[in-house]
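Enquirer: task: produce atomic coordinates for the following.
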Amino acid sequence: MEWANQLCENRQFGSKMTDSKYFTTTKKGEIFELKAELNSDKKEKKKEAVKKVIASMTVGKDVSALFPDVVNCMQTDNLELKKLVYLYLMNYAKSQPDMAIMAVNTFVKDCEDANPLIRALAVRTMGCIRVDKITEYLCEPLRKCLKDEDPYVRKTAAVCVAKLHDINAQLVEDQGFLDTLKDLISDSNPMVVANAVAALSEIAESHPNSNLLDLNPQSINKLLTALNECTEWGQIFILDCLANYTPRDDRESQSICERVTPRLSHANSAVVLSAVKVLMKFMEMLPKDLDYYGTLLKKLAPPLVTLLSAEPELQYVALRNINLIVQKRPEILKHEMKVFFVKYNDPIYVKLEKLDIMIRLASQANIAQVLAELKEYATEVDVDFVRKAVRAIGRCAIKVEQSAERCVSTLLDLIQTKVNYVVQEAIVVIKDIFRKYPNKYESVIATLCENLDSLDEPEARAAMIWIVGEYAERIDNADELLESFLEGFHDESTQVQLQLLTAIVKLFLKKPTETQELVQQVLSLATQDSDNPDLRDRGYIYWRLLSTDPVAAKEVVLAEKPLISEETDLIEPTLLEELICHIGTLASVYHKPPSAFVEGSRGVMHKRLPARTGSGESTESPDVGTAAGGSAPEAAPSIIPSQGDLLGDLLNLDMAPPTTTGPPPPNTGMQMGGMDLLGGGLDSLLGGDIGGSPAMGAGFGAAPAVMPASLNAPVGGGLGDLFDLGGGVGMPMGAYIPPKTVWLPAMKAKGLEISGTFARRAGVIQMELILTNKAMSVMTDFAIQFNRNSFGLAPAGPLQVLTPLGPNQTIEVSLPLSTVGPVMKMDPLNNLQVAVKNNIDVFYFSCQYPISMLFVEDGKMERQVFLATWKDIPNDNESQFQIKDCHLNSDAASSKLQGSNIFTIAKRTVEGQDMLYMSIKLSNGIWVLAELRVQAGNPNYTISLKCRAPEVSQCVFQCYEAVLKN
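Expert: Just a heads-up that it's a prediction; the model follows:
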């Protein structure tokens with residue numbers, strides 16, 4: 001509380017004897033005695049009485065009855081007494097608003113006192129009395145103090161405006177205080193400037209659209225001048241204000257960085273972090289080939305390292321901020337690995353944070369050093385820390401491929417220690433290493449199996465079961481090992497039960513003759529004896545797959561797993577950009593945006609880093625003029641998210657419990673069963689019993705436009721055969737559209753044949769289908785749904801088959817698509833898994849859509865922006881391809897490509913070779929830049945593609961080839 005802070009300040013005015021005596025009295029009738037003393041003629045007695053009142057107030061006694069008597073003591077020249085009375089007023093004005101008005105005249109008088117300390121004290125107290133009745137009386141004194149000759153009074157008045165704005169914003173605007181506050185930014189005194197900036201920032205935060213801090217190069221120059229002379233907290237206010245400014249170009253950005261850099265050597269860590277925030281933001285606008293850019297990177301490392309020599313709490317805050325910085329710019333601290341090595345006396349929260357940063361900085365150059373440290377940590381006594389250290393070894397193996405063998409060797413050494421929790425963590429991470437590097441390190445499985453009995457933690461047991469199921473063909477006694485887990489099936493955690501069910505089904509598919517009894521036992525346990533809906537659902541899926549078509553089951557359950565990546569624990573790029581703009585605040589410690597933990601959305605603004613501009617031109621860039629002042633079209637294109645650590649089992653789908661009591665025995669020779677790609681449960685798909693599976697209930701509504709987010713069926717190798725992959729490349733109107741291809745043959749869909757292609761017409765993506773009934777019965781009730789896919793494709797409406805489809809009839813249907821569905825990276829990127837339902841069954845197929853149908857109509861980039869973006873995208877992201885046997889000249893090629901929303905930005909001719917520079921924008925905001933080289937008389941073109949998401953380049957090349965050659 002403000003009055004409590006001021007109470008501490010009053011010590012300098014206190015008498016030489018201690019004030020503790022005022023807190024010890026316990027007399028009765030004290031109020032009456034104090035009243036008499038407050039009205040005494042003797043000044044000393046008055047002062048003593050006020051001190052006793054303040055002491056009683058501080059310890060929580062109600063002394064509001066003395067309000068008139070204390071207010072009478074305001075009429076004094078004694079600064080100490082005046083301060084004490086003002087403290088009392090601040091505390092009780094709210095509960096005694098009518099009495100508080102008595103003090104107004106004294107405030108007005110004190111605001112004109114000869115002593116600047118008293119003038120400042122009066123205006124400061126006025127701002128702290130939050131009573132509506134009084135505020136209107138305070139406007140005139142405040143106006144005078146804002147223009148006072150003494151800077152101490154002006155700086156105090158500046159803060160008072162922010163307090164008054166919080167009480168009555170309209171009054172402050174009507175009185176013109178905001179304009180006066182803006183004028184104070186040009187004040188000659190740096191502390192006044194700092195307080196004016198702090199007050200305006202505070203007001204602007206609560207009114208995001210007010211544009212109070214309308215910064216321009218002139219005002220920025222004044223702030224930077226004041227920065228060198230004001231106090232440390234003033235510097236923080238100014239630096240935070242600078243961080244909200246967007247420079248006009250890279251020159252201005254460099255100039256500000258040069259003037260802010262000296263703050264990095266400040267003793268106050270808050271000033272250092274605020275300076276780092278400004279530099280991290282403005283570095284975005286500096287070209288990477290600039291000498292100053294490299295210099296700045298080197299200057300940022302020492303202050304961050306220095307922060308790690310502070311006390312543990314400060315270290316933790318610094319480490320959380322460094323974690324963000326390292327994710328954005330690892331090159332800053334790439335040579336400082338040793339400072340993140342853990343000390344024996346570090347608290348656990350510091351140790352864990354250092355460990356995380358070590359992994360982020362791990363590279364081929366320092367991996368030996370890092371692994372030696374991690375192995376040392378794995379022998380510590382702190383169990384949590386040891387677990388994290390063992391996990392870190394696994395993360396290093398996944399991140400730095402060259403170190404994988406050494407990491408596996410280190411993990412095996414740790415397993416040999418036979419320390420229970422070390423062994424269990426090691427097995428968990430080895431499972432991930434198997435996923436990342438298949439068929440490389442499976443020789444260690446025998447060692448892992450030796451430790452099977454010591455596993456008692458669910459995650460470790462689940463990992464071991466996964467390994468046994470995945471590599472059952474290499475383990476002679478796999479059935480015995482899994483059977484040993486099955487004995488206590490109902491006592492296991494859900495995680496272990498699910499993994500055990502999957503592992504035994506895998507084992508059955510690999511060794512069917514030896515394990516039929518085992519698979520029936522686990523299916524019975526999972527479905528009939530379990531209350532867990534997830535476990536039951538998975539059990540019934542396996543039943544249906546195994547009972548209808550074991551071959552299809554094998555393709556699904558034993559599908560190739562997608563590789564896992566170390567990048568899964570990185571913060572999402574757009575969130576990281578926002579957090580970088582909040583370095584030095586709570587958001588950077590929580591690693592959450594302010595809107596996630598600040599109550600209410602008022603005043604919470606989403607901040608973004610500025611786009612980099614370029615100045616100058618490299619020989620590889622198109623000759624389209626300089627790009628000073630250009631900006632990238634998308635500050636942060638949405639990169640396609642990875643599939644993450646999916647186990648590739650098409651498992652955790654929602655199904656209703658069966659109505660029959662037991663599973664049918666596994667058999668072969670039946671037609672293929674389906675997978676539930678619709679996420680709504682087989683009960684919502686099927687109108688009755690199908691094959692030998694249990695009855696699933698009825699009802700199938702129209703397909704929703706967006707697929708349920710709960711669906712998590714991953715993609716894997718082998719699905720091509722299962723789903724009969726097909727499909728051609730589709731183009732927009734006026735461009736080449738390939739003939740429709742058979743996606744679902746009649747023999748696989750009980751007489752329903754589906755052919756189709758894709759097109760983009762008038763900005764709408766269309767899936768054009770031909771449905772043919774080659775069966776003897778009428779087909780009705782058609783619906784369609786898509787699995788999650790790379791670009792969020794989903795039906796924008798139901799499948800419009802309005803009349804029944806009779807035998808030997810054909811119908812053409814055009815289905816509009818949207819791009820707002822759930823996203824999951826597929827392999828290949830343009831793969832689409834589809835489920836079609838009719839009154840007979842649900843059928844599944846897979847097709848590949850041409851990525852050109854995602855090219856949007858506003859994909860033509862400005863020339864300067866094109867040049868800046870081309871330079872900004874790393875050279876590692878550039879791919880080069882050959883288009884052979886193409887006989888168009890450059891103008892014809894450009895015209896043909898424009899029909900598919902591939903826009904030519906510029907053209908130049910170098911030594912008889914035409915070079916076309918083109919831009920493409922995908923529906924999810926990803927930009928692709930292209931350079932097409934056409935040599936007269938040469939039928940082979942060369943195309944270079946640059947993109948922030950390089951995985952799309954192959955698909956874009958295929959589109960170029962299809963458009964130009966057809």
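
Enquirer: and the end-to-end length of stretch 801-815?
Expert: End-to-end distance of stretch 801-815 (CA to CA, to the nearest Å): 10 Å.

Enquirer: in it, what's buried?
Expert: Across stretch 801-815, burial judged by 16 or more other CB atoms under 10 Å covers Val801, Leu805, Ile811, Val813, Leu815. (Glycine included, C-beta is placed from N, CA and C.)

Enquirer: which one of these sits closest to Cys128?
Expert: Leu815 (65.8 Å; CB to CB).

Enquirer: for the closest one, give me its contacts.
Expert: With contact set as CB atoms under 8 Å, 6 or more residues apart in numbering, Leu815 has these partners: Gln766, Met767, Glu768, Leu769, Ile784, Pro795, Ala796, Gly797, Leu799, Gln800.

Enquirer: what sits closest to it if chain neighbours are left out?
Expert: Using CB to CB, 6 or more residues apart in numbering and skipping the chain neighbours, the partner closest in space to Leu815 is Met767 (4.4 Å).

Enquirer: what's across from the one you found in the sheet?
Expert: Phe758, Leu815 (DSSP bridges).

Enquirer: contact partners for it?
Expert: The contact partners of Met767, taken as CB under 8 Å, 6+ apart, are Gly756, Phe758, Pro795, Ser814, Leu815, Leu817, Tyr849.

Enquirer: tell me the pLDDT of the most centrally placed residue in the chain.
Expert: The centre of the chain sits closest to Glu572, judged by CA atoms, centre = their mean, with a distance of 3.3 Å. Listed pLDDT for Glu572 reads 83.

Enquirer: over to the one 3 residues further on?
Expert: Leu575 is assigned a predicted lDDT (pLDDT) of 88.

Enquirer: just to be sure, it is in a helix?
Expert: Yes - the assignment for Leu575 is a helix, going by DSSP: H, G, I helix; E, B strand; the rest coil.

Enquirer: give me the nearest residue to it, chain neighbours excluded.
Expert: Pro593 (6.7 Å).

Enquirer: quick one, strands of the protein?
Expert: Secondary structure of the chain (DSSP state E): strands at 741-744, 752-761, 764-773, 783-786, 794-795, 810-818, 831-837, 842-848, 878-883, 903-910, 913-921, 927-935, 941-947.

Enquirer: show me how far the fifth one is from its chain's centre.
Expert: Read it as strand 794-795. Relative to its chain's centre, strand 794-795 lies at 26 Å (CA atoms, centre = their mean, to the nearest Å).

Enquirer: quick revisit: relative to Cys955, which of the contacts of Leu815 is nearest.
Expert: Met767 (17.4 Å).

Enquirer: any idea how far Gly756 is from that closest one?
Expert: 6 Å (CB to CB, to the nearest Å).

Enquirer: excluding its backbone neighbours, what's nearest Lys740?
Expert: Per CB to CB, 6+ apart, closest to Lys740 is Ser755, 4.3 Å.

Enquirer: how about Asn168, nearest residue that isn't a chain neighbour?
Expert: By the measure of CB to CB, 6+ apart, the closest residue to Asn168 outside its immediate chain neighbours is Thr135, 5.4 Å from it.

Enquirer: go on, Val172?
Expert: His165 (4.4 Å).

Enquirer: domains in this protein, by residue range?
Expert: When the chain is parsed with the TED database, its domains come out as 457-548, 741-849, 854-965.

Enquirer: from the buried residues of stretch 801-815, pick the one nearest Tyr245.
Expert: Lowest distance from Tyr245 to the buried residues of stretch 801-815 (CB to CB) belongs to Leu815, with 48.9 Å.

Enquirer: which residues of this protein score low on pLDDT?
Expert: 1-29, 208-211, 566-569, 599-606, 608, 611-736 (pLDDT under 70).

Enquirer: and the two most separated of the buried residues of stretch 801-815?
Expert: Largest separation among those by CB to CB: Leu805 and Leu815, giving 15.5 Å.

Enquirer: related to what we said a few turns ago, for ChimeraX, write the select line for the buried members of the contacts of Met767.
Expert: Written as a ChimeraX command, the selection of buried residues from these, which uses 16+ other CB under 10 Å, is:
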select :756,758,795,815,817,849
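
Enquirer: how about the contacts of Met767 in JSON lines, adding distance to Ser493?
Expert: Output for those, formatted as JSON lines (distance: CB to CB, whole Å):
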{"residue": "Gly756", "distance to Ser493": "45"}
{"residue": "Phe758", "distance to Ser493": "45"}
{"residue": "Pro795", "distance to Ser493": "38"}
{"residue": "Ser814", "distance to Ser493": "49"}
{"residue": "Leu815", "distance to Ser493": "43"}
{"residue": "Leu817", "distance to Ser493": "41"}
{"residue": "Tyr849", "distance to Ser493": "41"}
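
Enquirer: state the pair within the contacts of Met767 that is farthest apart.
Expert: Top of the distance list for the contacts of Met767 (CB to CB): Ser814 and Tyr849, 14.6 Å.

Enquirer: distance of the nearest residue to Leu224 once chain neighbours are set aside from Ala275?
Expert: Once flanking residues are discounted, Leu224 sits nearest to Arg259: 4.7 Å by CB to CB, 6+ apart. Distance, Arg259 to Ala275, by CB to CB: 10 Å.

Enquirer: give the contact list for the residue nearest to Asn168.
Expert: Contacts here follow CB under 8 Å, 6+ apart; on that basis Thr135 touches Leu164, Ile167, Asn168, Leu171.

Enquirer: check Asn808 too.
Expert: Asn773, Lys774.

Enquirer: tell me, how many residues neighbour the residue nearest to Lys740?
Expert: A count of nearby residues for Ser755, using other CB atoms under 10 Å, gives 20.

Enquirer: Thr515 too?
Expert: Thr515 has 23 neighbours, counted by other CB under 10 Å.

Enquirer: before we move on, what about Leu498?
Expert: Residues contacting Leu498 under the criterion other CB under 10 Å number 23.

Enquirer: give me the phi and psi angles of Pro247.
Expert: phi -60, psi 160 (degrees, to the nearest 10).

Enquirer: so it makes contact with Ser253?
Expert: Yes - between Pro247 and Ser253 a contact is recorded at 4.2 Å, counting by CB atoms under 8 Å.

Enquirer: go ahead and confirm Ser588 touches Gln327.
Expert: No - using CB under 8 Å as the test, Ser588 is too far from Gln327 to be in contact (11.8 Å).

Enquirer: and those two? Which one has more around it.
Expert: Neighbour comparison, Ser588 and Gln327: the larger count goes to Ser588, with 22 against 18 (by other CB under 10 Å).

Enquirer: circling back to that earlier point, now the buried residues of stretch 801-815 as a markdown table including distance to Asp240?
Expert: Converted to a markdown table, the buried residues of stretch 801-815 look like this (distance: CB to CB, whole Å):
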| residue | distance to Asp240 |
| --- | --- |
| Val801 | 60 |
| Leu805 | 66 |
| Ile811 | 64 |
| Val813 | 58 |
| Leu815 | 52 |
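
Enquirer: any idea which of these is closest to Gly294?
Expert: For those, the nearest to Gly294 is Leu815 (53.5 Å; CB to CB).

Enquirer: residues contacting the residue lying closest to Val276 once chain neighbours are set aside?
Expert: Leaving aside its chain neighbours, Val276 sits nearest to Ile583 (5.8 Å; criterion: CB to CB, 6+ apart). Counting by CB under 8 Å, 6+ apart, Ile583 touches Leu273, Ser274, Val276, Lys277, Met280, Asn321, Leu324, Ile325.
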